[in-house]
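Colleague: Take a look and give me a structure for this.
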Amino acid sequence: MRDALEHERQAAELAAADLSLEPTRSVLHRSAATLAWQCGEYREAERLITTALSGTPPETIAEELRDLLLQVYFEQSPRKRRRPLSAPPRPPQEG
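Modeller: Predicted coordinates:
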């Protein structure tokens, strides 16, 4: 998996500066970010996602990138084991 991450990261970096390569550019970054997340390299995943979003990805890919970014943030959260991401805090019960 780490070898795949390294290859995908290199491909994404080759396309990073050329915004005319969309949607290929953002797809490469999304793929590399997903592999980084799966490898536990959360900061690298965050970097790849923000690079992808700094371009002009199609809206569906941008949504996927934002969803992945939320998951990356959740994985880094010290509270992740106490409460699932989707569960809002409960208000205090009265009386």
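Colleague: Pass me the low-pLDDT residue ranges in this protein, would you?
Modeller: By pLDDT under 70, the low-scoring segments of the chain are 79-95.
Colleague: need the strands for it, in chain order.
Modeller: Counting by DSSP state E, the chain has no strands at all.
Colleague: need the longest helix for it.
Modeller: helix 59-76 (DSSP state H).
Colleague: and the nearest residue to residue 24 once chain neighbours are set aside, what does it touch?
Modeller: Residue nearest to residue 24 in three dimensions, not counting chain neighbours: residue 15, with 6.2 Å by CB to CB, 6 or more residues apart in numbering. (C-beta placed from N, C-alpha, C; glycine too.) Contact analysis of residue 15 by CB atoms under 8 Å, 6 or more residues apart in numbering lists 21, 24-25, 28.
Colleague: Residue 23 and residue 13, how far apart?
Modeller: The spacing between residue 23 and residue 13, counted by CB to CB, to the nearest Å, is 17 Å.
Colleague: what's the answer for residue 46, then?
Modeller: Separation of residue 46 from residue 13 (CB to CB): 15 Å.
Colleague: And the helices in the chain?
Modeller: Counting by DSSP H, the helices of the chain are 2-15, 24-38, 42-53, 59-76.
Colleague: out of these, deepest packed?
Modeller: When you average the neighbours per residue for each of the helices of the chain (mean count of other CB atoms under 10 Å), helix 24-38 leads with a mean of 22.
Colleague: The residue nearest to residue 18 when sequence neighbours are not counted: what's it in contact with?
Modeller: The shortest distance from residue 18 to any non-neighbouring residue, by CB to CB, 6+ apart, is to residue 25 (6.8 Å). By CB under 8 Å, 6+ apart, the contact list for residue 25 reads 12, 15-16, 18-19, 52, 55, 57.
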